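> Build me a model from this:
(one chain, ligands or ions: 1)
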Amino acid sequence: MLEYPEKTDISSQYVEKVCMRKLIRNRAQCLDCMDIIESIGRHHFTTCKCYSDETKTGIFIDGGQCYQRSGAYDFSKFKDLSEYEEDGMESL
Ligand SMILES: [Zn+2]
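Below you'll find the model as predicted:
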């Protein structure tokens, strides 16, 4: 079991994307610790291994395939690896 951080509003820099396309995988990589995390359920809040309130590092994702909620202390360290169901469009 993952331990959930006590606060989930740790970052003012969180984004929530409403699903315009169907999410297949809600995944991201932290470029600090290179950990790849994946949220597999609507209430599956998961963080990378360097995520810390004290050092203000790390990233988190939440929402599973229902929606994509992601956060980071520094979004330049956040690499989005999510996969979407494409309908006829090539991904860039
Ligand atoms: Zn990390």
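
> Only C-alpha atoms from now on, for both contacts and neighbour counts.
OK.

> which ones are touching residue 81?
Going by CA atoms under 8 Å, 6 or more residues apart in numbering, residue 81 touches 26, 27, 28, 29.

> quick check, nearest of the residues you listed to the ion?
Using CA to the ion, residue 29 is the member of the contacts of residue 81 that sits closest to the ion, with 7.7 Å.

> mind checking pLDDT for the closest residue to that closest one other than its chain neighbours?
Residue nearest to residue 29 in three dimensions, not counting chain neighbours: residue 36, with 4.3 Å by CA to CA, 6 or more residues apart in numbering. Looking at residue 36, its pLDDT reads 98.

> what's near enough to touch residue 36?
The contact partners of residue 36, by CA under 8 Å, 6+ apart, come to 27, 28, 29, 30, 48.

> SS state for the second one?
For residue 28, the assignment made with DSSP: H, G, I helix; E, B strand; the rest coil gives strand.

> And residue 45, how close does it get to the ion?
In this view, residue 45 and the ion are 15 Å apart by CA to the ion, to the nearest Å.

> Buried ones in stretch 54-68, by neighbour count?
By neighbour count with 16 or more other CA atoms under 10 Å, stretch 54-68 contains the buried residues 57, 58, 59, 60, 61, 62, 63, 64, 65, 66, 67, 68.

> so which of the residues you listed also contact the ion?
Contacts with the ion within the buried residues of stretch 54-68, counted by CA under 5 Å from the ion: residue 58.

> Reformat the buried residues of stretch 54-68 as a markdown table; add pLDDT and secondary structure.
Formatted as a markdown table, the buried residues of stretch 54-68 follow (pLDDT from 0 to 100; DSSP: H, G, I helix; E, B strand; the rest coil):
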| residue | pLDDT | secondary structure |
| --- | --- | --- |
| 57 | 94 | strand |
| 58 | 96 | coil |
| 59 | 96 | strand |
| 60 | 95 | strand |
| 61 | 95 | strand |
| 62 | 94 | strand |
| 63 | 92 | coil |
| 64 | 92 | coil |
| 65 | 87 | coil |
| 66 | 84 | coil |
| 67 | 83 | coil |
| 68 | 86 | strand |
